[in-house]
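Engineer: Turn this into a model:
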Amino acid sequence: MNNQRAGCGKYPKRVQVLQNFSAFICLLLGIFAFYATNASAAQLFWDAGNTNNGASIDAGSGAWDIDTTTNINWNNGSGNVSWTQTSTTAALNGAVFTGPDAAAGTYQITLDGTTVAYTNLQILANGYYFNGPGSMFQASQGNLFVADGKSVTFSNNFAVNNNAMGWTLGTSGAASVLTYLGNLSAPGCQITFSSTNGSTFWLAGANGPSVVCINADVRQTNGPFTTGGFSIARPGFTPNFQPTAGATNAHFGRFKHGHDFEHLNPDGARQQSTRHCKYTKRRHGEFWFRE
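Structural biologist: Predicted structure coming up:
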């Protein structure tokens, strides 16, 4: 009887070990599934300049839409294809815009249909200008990146996605410029503006992110900027979109509205506000809102 009891006393431990092992296997499967899902997103290259020369990429003006019957302005590395997405809020592909460099506005990208959704977007050459009437949807955790020394203008709107996403300018080379003339729709998004090489974001629309983190030089030259949470010179939301995340020089922020602006030290200052940002006042290490 005592042996039976002793034996029975061991089984729960074995069961517990099996349960722990099973939980570990489930965790691994979940991680593998996550990476498999993200790895499945294709990177398509804008190829409107010539859609009939195989894997060659030729920049040019054209329409970006979800027409799968006649529009094959994208290249998957072997030939031209149409842009596909699950829906206007569920992206399947990343978008890459390459050169050669050209004068501003040379490559006119017209969003002429419904909202296009992308996982990430890369601008690797000068000369691109994006315009409506359609809009863009950037996937959660996605990033819009402009390479060193490149400039781009967006005049289209961005559809609401109230989740973390990033806009990043450059890494460590020549400064980049992103001009945004459209609207970040309210209640907007949780956006991080990032740069570590002196690049500048120019905003001129009616922008209403729910919360915003500024780790770059951001200048609102026209229109209102309304947000429920304002963070400057902080790491931002998950994931961290800073090109040199964690480095001292990554914790820098500047926001300019009209003719007044603020400037922070690398140690960073933070201000949460639900006020409408009419203008700001410069003061060392602080950010003030005025109504």
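
Engineer: for the spatially closest residue to Ser82 that is not a sequence neighbour, helix, strand, or coil?
Structural biologist: Nearest non-adjacent residue to Ser82, counting by CB to CB, 6 or more residues apart in numbering: Thr68, 4.2 Å away. C-betas here are computed from N, CA, C, even on glycine. Classification of Thr68 by DSSP: H, G, I helix; E, B strand; the rest coil places it in coil.

Engineer: what bits of this protein have low per-residue confidence?
Structural biologist: 1-40, 186-188, 233-291 (pLDDT under 70).

Engineer: what's the single longest strand in it?
Structural biologist: Identified as the longest strand of the chain according to DSSP state E is strand 161-169.

Engineer: helices or strands up against it?
Structural biologist: With contacts taken as 3 or more CB pairs under 8 Å, 6 or more residues apart in numbering; DSSP states H and E, strand 161-169 sits against strand 135-138, strand 143-146, strand 177-180, strand 189-195, strand 200-203.

Engineer: hmm, try it at 10 Å
Structural biologist: strand 121-123, strand 135-138, strand 143-146, strand 151-154, strand 177-180, strand 189-195, strand 200-203, strand 211-215 (3 or more CB pairs under 10 Å, 6 or more residues apart in numbering; DSSP states H and E).

Engineer: can you put those strands in TSV and add distance to Thr88 and mean neighbour count?
Structural biologist: Listed next are the helices and strands packed on strand 161-169 as TSV, based on distance: least, CB to CB, whole Å; neighbours: other CB atoms under 10 Å:
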stretch	distance to Thr88	mean neighbour count
strand 121-123	16	22
strand 135-138	6	21
strand 143-146	17	23
strand 151-154	17	22
strand 177-180	20	22
strand 189-195	15	26
strand 200-203	24	20
strand 211-215	23	25
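
Engineer: Export those strands as JSON lines, with columns for distance to Ala48.
Structural biologist: Putting the helices and strands packed on strand 161-169 into JSON lines (distance: least, CB to CB, whole Å) gives the following:
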{"stretch": "strand 121-123", "distance to Ala48": "15"}
{"stretch": "strand 135-138", "distance to Ala48": "17"}
{"stretch": "strand 143-146", "distance to Ala48": "19"}
{"stretch": "strand 151-154", "distance to Ala48": "16"}
{"stretch": "strand 177-180", "distance to Ala48": "21"}
{"stretch": "strand 189-195", "distance to Ala48": "28"}
{"stretch": "strand 200-203", "distance to Ala48": "26"}
{"stretch": "strand 211-215", "distance to Ala48": "33"}
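
Engineer: Now do the nearest residue to Ala103 once chain neighbours are set aside: how many residues are near it, please.
Structural biologist: In space, and not counting its chain neighbours, Ala103 is closest to Gly127: 6.1 Å by CB to CB, 6+ apart. Other residues within reach of Gly127, judged by other CB atoms under 10 Å, total 22.

Engineer: what separates Gly127 from Ile109, distance-wise?
Structural biologist: According to CB to CB, to the nearest Å, Gly127 and Ile109 sit 10 Å apart.

Engineer: List the residues that are in contact with both of these two.
Structural biologist: Here Gly127 and Ile109 share the contacting residues Ser61, Phe97, Val152, scored by CB atoms under 10 Å, 6 or more residues apart in numbering.

Engineer: between the residues you listed, which is closest to Pro133?
Structural biologist: Nearest to Pro133 among those, counting by CB to CB, is Ser61 at 16.3 Å.

Engineer: which secondary structure element contains the spatially closest residue to that closest one that is not a sequence neighbour?
Structural biologist: The shortest distance from Ser61 to any non-neighbouring residue, by CB to CB, 6+ apart, is to Gln108 (4.2 Å). In the assignment (DSSP states H and E), Gln108 maps to strand 107-110.

Engineer: Partner strands of that strand and their direction?
Structural biologist: Paired with strand 107-110 in the same sheet, following DSSP bridges, are strand 62-63 (parallel), strand 128-131 (parallel).

Engineer: Which of the ones you listed has the highest mean neighbour count?
Structural biologist: strand 128-131 (a mean of 21; mean count of other CB atoms under 10 Å).
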